[in-house]
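**Student:** coords please:
(one chain, ligands or ions: 2)
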Amino acid sequence: MTGSRSIDLRPVASPAFGPVPAADNGKRFFVWTIGCQMNEADSAKIGAMLQEVGYRPTQDEEEADIVVLNSCVVRQAAEDKVAGKLTSLVGLKRRRPEVPLVLTGCMVTKQQEALRQRFPHVDLFFDPSDFDQLQRVVPELAELEDDLAQLPHYYLPEASTTTDSAAITAFVPIIYGCNFLCSYCIVPYRRGKERSRPLSDIVREVEELVAKGVREVTLLGQTVNAYGHDLPRQVGLADLLRAVDAVPGLERLRFLTSHPKYMSDEIIDAMAELPSVCEHMNLPVQAGDDEVLRRMRRTYGRDDWKERIAYTRHRMPLATVATDVIVGFPGETEAQFARTHDLLEEVGCDKVHLAMYSPRPGTLSARWQDDVPHAEKQRRHRELEALQLRLCTERNARRLGERVDVLVEGHAKGRWSGRTRGNTLVHFSDERDVYGKLVDVVITQTGPWFLIGEPVGPPR
Ligand code: SAM
Ligand code: SF4
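**Tutor:** Ligands and ions are numbered 1, 2, ... in the order given. Modelled structure (predicted):
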């Protein structure tokens, strides 16, 4: 389940692909993905392209006729996993040299010589926005140029490809790239400037998804709330939310990841007013100290972020909040770290994506000394984890007896699982088949990371 995380370093093999397969040509493809939802969307697109020319997905790289790795380098840990995976494929390439090995994603730079030297067994490197390059190893794609332009941008979560059940949730990219230059971040260098998709294309895709049974859509972008400013007819995320909310049959609408600078009253008001838009705010703060935020080039201060959360809660008292935090940024003192700790304690988030600072070559901060020792980064990370464990335990304990509506996304270990509008994970037992249904659940047990309850009333 993808939920609201920003970056997932657990690799996924062959996720969900588009719904347009041509006749099976007997060939198989294997796509391995690591990183953010944008990478998952790109992998889905690659899969859909290959299905258009008759390939089918496989979970087993040994039987694949083409292997594609979609990489992430947002932190060193992700880059190490990609390098490990590439190295593990040396044997396969030796045994079956005719199988093209392709690397895409944020590891691929414009200057590919260094990559070629490091991984000589890779046949093709292409950067994330240049899908046409795949034609160099799959020539059949060249004949389909017009058809490929029609392929959807959306993707379905992993679970819906491993079961026969129709997908209930889907992800729709609405803006690519990023115009910020946060000093630690590699994304703008690899993903380019912001490019918004036309509003009408997005609405059409959501209509298609709803017609297929999807009930919840998450709109995606690195700076999702910057949507629209680059379009000829200026529209914003609030306009898009209104247009998508009007799609009949769409139950829930989410969006991530937002940047505090663009989190306008207008967007928050639209969230509060539109019935399908979930009361869940994903707003990375990154640090609680203004001096650290300034060196991160985040363009806002601690109080700006706090005020945006306060306005969100003013308009939607039950809204849940998720954020991202980096610990051990260059020069972060104990006192500055303590301000991040205090901020998180004061505001009380429902989810915090924590990361230890990792210098990324080519970014501004990589030129500064990485002077917080690794053990100290780990200590700060653990301290915030412990804080979050305590806060979430307390927050969720207050939900005992609450009645929540859960959109059921799966069944495992004898119980159903789904999420509330606020994105809280809920498990419950039910004899009925409630897959894809909205079920009212009364909470009977709470923990820091999920709730357990009893279903009441008929599923919808
Ligand atoms: N656009 C979003 C924003 O403005 O916060 C975040 C996108 S970024 C690709 C996802 C997360 O990775 C960030 O929120 C940050 O916490 C983390 N991240 C990015 N660069 C990092 C670095 N050099 N070291 C550690 N964490 C990093
Ligand atoms: Fe990276 Fe900053 Fe852009 Fe987010 S806003 S993707 S952290 S540069």
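**Student:** my guess is residue 32 contacts residue 66, does it?
**Tutor:** No - using Cβ atoms under 8 Å as the test, residue 32 is too far from residue 66 to be in contact (11.8 Å). All C-beta spots, glycine's among them, are computed from the backbone N, C-alpha and C.
**Student:** mind listing the helices in the stretch 251-400 of the chain by residue range?
**Tutor:** 265-273, 290-295, 302-315, 334-347, 374-397 (DSSP state H, counting those that start in this stretch).
**Student:** how about those, which one is nearest ligand 1?
**Tutor:** With Cβ to the nearest ligand atom as the measure, helix 374-397 is the member of the helices of the stretch 251-400 of the chain nearest ligand 1 (9.6 Å).
**Student:** contacts made by the closest one with the rest, please.
**Tutor:** 325, 327-328, 337, 340-341, 344-345, 348-350, 352, 354, 356-357, 372, 424, 446-449, 451 (Cβ atoms under 8 Å, 6 or more residues apart in numbering).
**Student:** and these, which are buried?
**Tutor:** 325, 327-328, 337, 340-341, 344, 349-350, 352, 354, 356-357, 372, 424, 446, 451 (16 or more other Cβ atoms under 10 Å).
**Student:** what number of residues lie near residue 41?
**Tutor:** Residue 41 has 21 neighbouring residues, counting by other Cβ atoms under 10 Å.
**Student:** give the contact list for it.
**Tutor:** Counted by Cβ under 8 Å, 6+ apart, residue 41 has contacts 153, 154, 155, 171, 173, 220.
**Student:** assess the claim that the first one and residue 171 are in contact.
**Tutor:** Which is residue 153. No - at 9.3 Å, residue 153 does not count as touching residue 171 under the criterion of Cβ under 8 Å.
**Student:** which one of the two is surrounded by more residues?
**Tutor:** residue 171 (24 against 20).
**Student:** could you look up the SS state of the more buried one?
**Tutor:** strand (DSSP: H, G, I helix; E, B strand; the rest coil).
**Student:** so what's it up against?
**Tutor:** Residue 171 neighbours (Cβ under 8 Å, 6+ apart): 2, 37, 40, 41, 154, 155, 156, 157, 217, 218, 220.
**Student:** go again with 7 Å.
**Tutor:** By Cβ atoms under 7 Å, 6 or more residues apart in numbering, the residues touching residue 171 are 2, 37, 41, 154, 155, 218, 220.
**Student:** and if you look at residue 343?
**Tutor:** 288, 302.
**Student:** if I look at it, how far off is residue 414?
**Tutor:** According to Cβ to Cβ, to the nearest Å, residue 343 and residue 414 sit 40 Å apart.
**Student:** so where is the protein shaky, pLDDT-wise?
**Tutor:** 1-21, 158-165 (pLDDT under 70).
**Student:** is stretch 284-299 anywhere near ligand 1?
**Tutor:** Yes - Stretch 284-299 lies within reach of ligand 1 by Cβ under 6 Å from any ligand atom, at 284, 286.
**Student:** ok so, going back, which two in the contacts of residue 171 are spaced the farthest apart?
**Tutor:** Pairwise distances across these (Cβ to Cβ) peak at 12.7 Å, for the pair 2 and 154.
**Student:** the more surrounded of those two?
**Tutor:** More neighbours surround residue 154 than the other of residue 2 and residue 154, with 27 against 20 (other Cβ under 10 Å).
**Student:** tally of neighbours for the closest residue to the more buried one other than its chain neighbours?
**Tutor:** Closest residue to residue 154 apart from its sequence neighbours, by Cβ to Cβ, 6 or more residues apart in numbering: residue 172 at 4.4 Å. Using other Cβ under 10 Å, residue 172 has 25 neighbouring residues.
**Student:** ok, now residue 204?
**Tutor:** Residue 204 has 13 neighbours, counted by other Cβ under 10 Å.
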